[in-house]
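In: I would like to see how this sequence folds:
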Amino acid sequence: MGKCIAWASVFSGRPDPEWSLDDETLRFVESTWKTLKPSLEQQPTSPILGYRGCYIKCPEGNEWFIYKTFVKLNIKGDVVIKYDANMELERKLINSAPKIFRLPSFVWNNIDSDGIKE
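Out: Numbers count the residues shown, from 1 in each chain. Alright, predicted model coming up:
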């Protein structure tokens, strides 16, 4: 089985940065997901320009979309939405991107030592 791929949707005039997700980060995402409460929240509108969320796609068919407190997991068409009040998943995923991908500064500018700023 192959690795899960993560990417940040960043409208910057360049291709979105994409990287193989390491096992430790995937375990964190999966274990944190289990602790989150279900949400009836609609997918938030992200800006046309700039950072628009993170994605994970795994070979077995699981697909995640994470943007601020909104977390969506699609397992082969079955969609579950949960609420991540502390934005732990987004913070972990963005911080898992290898620095060599040089995410645009406006993505990193939204991250401080405690995570993604509101």
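In: tally of neighbours for Tyr67?
Out: Here the number of neighbours of Tyr67 (other C-beta atoms under 10 Å) works out to 22. All C-beta spots, glycine's among them, are computed from the backbone N, C-alpha and C.
In: got the contact list for it?
Out: Contacts for Tyr67 (C-beta atoms under 8 Å, 6 or more residues apart in numbering) come out as Gln43, Pro44, Ser46, Arg52, Gly53, Cys54, Glu90.
In: Verify the contact between the third one and Gly53 for me.
Out: Yes. Distance between Ser46 and Gly53: 5.8 Å, which falls inside the contact criterion (C-beta atoms under 8 Å).
In: Surely Ser20 and Ile56 touch.
Out: No. With contact defined as C-beta under 8 Å, Ser20 does not reach Ile56; the gap is 10.7 Å.
In: Looking only at neighbour counts, state which of these two leads.
Out: More crowded of Ser20 and Ile56, by other C-beta under 10 Å: Ile56, with 21 against 11.
In: Can you tell me how far that one is from Phe28?
Out: 11 Å (C-beta to C-beta, to the nearest Å).
In: name the element the residue nearest the centre of the chain belongs to?
Out: The centroid of the chain falls nearest to Cys54 when counting by C-alpha atoms, centre = their mean (3.2 Å). Assigned by DSSP states H and E, Cys54 belongs to strand 50-57.
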